[in-house]
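**Q** Model the structure of this input:
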Amino acid sequence: MFLEDESTHAVVISLEKERMDRRLREVFQNVRLRFERFSPMLQEHFRLLLKEQQTFEDEVECASLTHSVDLMDSERRLDVMDWLHIQQASLFTDIGKTGPIDAVQEQKELIAKIYGSSKSLPGNPRDFTLYDFFDINKELKLEGEEHFKLLEAMGIAPNTNMRTFFNLHAGWTYGLLQNETEISQEVKVLASLHHILEGVNPDGLVDLSSEILMIPSLGRPLERKEIWTVLFDKYQAQRAPHRGNQTHQAAIAWLRRFVNEPDLINKRGVQLQPYPEWLHSLLNTCITELDEGFKKSQENERALAVNE
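**A** This is a model prediction of the structure:
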């Protein structure tokens, strides 16, 4: 009987893996990447991310925002390959939410559950520690305080504030992507810098002492590609029903406050303020383009519906 149950369980796991791989192949094929060419390590991290369905679908929604690029970038400041890179990067930004490259399975699963928690902290993440997080999310606690032991083995103390913890995933993303031959260096950098406005700068990818914010590994400064990747990520976070659950207009208003109101920025602990004037101007320009492009896209959809 035991062997029969074990065999049934193995079949269920195999079918689930097949279902996830089919979904992942489909998503990445849409952006000209082959999931089967990712390393076994990265494939496994994506399967774990897919279990946190909302997190992965957020990335898919981010990538789909680029479908309106003709309306957002009517002057063609970026070319087709630039937009493809942004689209690809949007699918990788949160892979670090499954933990670092050297994490053991138990650590990866715990980290994925922490990031996937549906319970919001009742205030600024900087004011709460991992102790507080587990008091709020008691169902994630493991017997014998094993959850803290798993984190401490990674150098993460229980009194780490949640903003610091949440910011770790950008660096973990870069570590996971670094040796992947299917993914271009442009995409690896784009995905890893999606929190650069908060001063999260994995592996010192951006030279913050440079007025033009040089990215040495790419031989160019931070530019529109990075800005659009950042804005899509933040916009989708505001729109997603399980996160901000905001309307388009409310999400755009939030982006403008984030860029232009120091009080809001300081509360979030942003370290790049004051932004160089060129960056401040570019951020506002891209937010306007995002707003206008979305509205035009909606108008086009309504016109098509009327004609059908």
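
**Q** so how far is the helix or strand that contains residue 290 from its chain's centroid?
**A** With the criterion set as DSSP states H and E, the secondary-structure element containing residue 290 is helix 277-307. When distances are taken as Cα atoms, centre = their mean, to the nearest Å, helix 277-307 is centred 22 Å away from the chain's centroid.

**Q** which other helices and strands contact that helix?
**A** helix 69-72, helix 224-239, helix 248-260 (3 or more Cβ pairs under 8 Å, 6 or more residues apart in numbering; DSSP states H and E). Using the backbone N, CA and C atoms, a C-beta is placed for each residue, glycine as well.

**Q** Could you quantify the relative orientation of that helix and helix 248-260 as an angle?
**A** For helix 277-307 against helix 248-260, the angle by axes from the mean of the first three to the mean of the last three Cα atoms, to 10 degrees is 170 degrees.

**Q** Show me what counts as buried in helix 277-307.
**A** Within helix 277-307, the residues that qualify as buried by neighbour count (16 or more other Cβ atoms under 10 Å) are 279, 282-283, 286-287, 289-291, 293-294, 297.

**Q** With stretch 152-159 instead?
**A** Here stretch 152-159 shows 156, 158 as buried, counting by 16+ other Cβ under 10 Å.

**Q** Would you mind confirming that residue 176 makes contact with residue 97?
**A** No: counting by Cβ atoms under 8 Å, residue 176 does not reach residue 97; the two are 10.4 Å apart.

**Q** where does this structure dip in pLDDT?
**A** Segments of the chain classed as low confidence (criterion: pLDDT under 70) are 1-13, 53, 69-70, 262-273, 308.

**Q** One more pass at 80, please.
**A** When residues are selected by pLDDT under 80, those of the chain lie in 1-14, 52-53, 66-76, 262-274, 300-301, 303-308.

**Q** Let me see the ranges of the helices in it.
**A** All helices of the chain, identified by DSSP state H, fall at 2-29, 40-51, 53-64, 69-72, 80-90, 105-115, 130-136, 146-152, 162-177, 185-192, 224-239, 248-260, 262-267, 277-307.

**Q** Residue 216: which of those is closest?
**A** Residue 216 sits nearest to helix 185-192 of all the helices of the chain, at 10.3 Å, using Cβ to Cβ.

**Q** which strands and helices sit next to that closest one?
**A** Under the contact criterion of 3+ Cβ pairs under 8 Å, 6+ apart, the helices and strands touching helix 185-192 comprise helix 80-90, helix 162-177, helix 224-239.

**Q** So what angle separates the directions of that helix and helix 162-177?
**A** Using the same axes, to 10 degrees, one finds that helix 185-192 and helix 162-177 are set 160 degrees apart in direction.

**Q** between helix 185-192 and helix 224-239, how big is the angle?
**A** Between helix 185-192 and helix 224-239, the angle comes out at 40 degrees (the same axes, to 10 degrees).

**Q** how far out from the middle of the chain is helix 185-192?
**A** In this view, helix 185-192 has its centroid 12 Å away from the chain centroid, taken as Cα atoms, centre = their mean.

**Q** Equivalent analysis for stretch 177-184, please.
**A** Relative to its parent chain, stretch 177-184 has a centroid offset of 17 Å by Cα atoms, centre = their mean.

**Q** Output it as PDB, nothing but the C-alphas.
**A** Only the C-alpha atoms of stretch 177-184 are listed here, as PDB (Å, rounded to 0.1, in the frame of the first residue of the first chain):
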ATOM      1  CA  LEU A 177      21.400  35.000 -14.000                       C
ATOM      2  CA  GLN A 178      25.100  35.700 -14.100                       C
ATOM      3  CA  ASN A 179      26.200  32.400 -15.800                       C
ATOM      4  CA  GLU A 180      23.200  31.900 -18.000                       C
ATOM      5  CA  THR A 181      24.300  31.700 -21.700                       C
ATOM      6  CA  GLU A 182      20.700  32.000 -23.100                       C
ATOM      7  CA  ILE A 183      20.300  35.500 -21.500                       C
ATOM      8  CA  SER A 184      22.200  38.500 -22.800                       C
END
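
**Q** Could you shift the numbering so residue one becomes 57, and keep it that way?
**A** Right, with 57 as the first residue, what we last looked at is stretch 233-240.

**Q** can you pull the buried residues of it?
**A** In stretch 233-240, counting by 16+ other Cβ under 10 Å, buried: 233, 236, 239-240.

**Q** residues of stretch 85-97 that come out buried?
**A** Counting neighbours by 16+ other Cβ under 10 Å, the buried set in stretch 85-97 is 87, 89, 91, 94.

**Q** For the first one, give me phi and psi.
**A** The phi/psi pair for residue 87 (degrees, to the nearest 10) reads phi -120, psi 20.

**Q** That one contacts residue 142, doesn't it?
**A** No: when contacts are counted by Cβ under 8 Å, residue 87 is not listed as touching residue 142 (9.9 Å).
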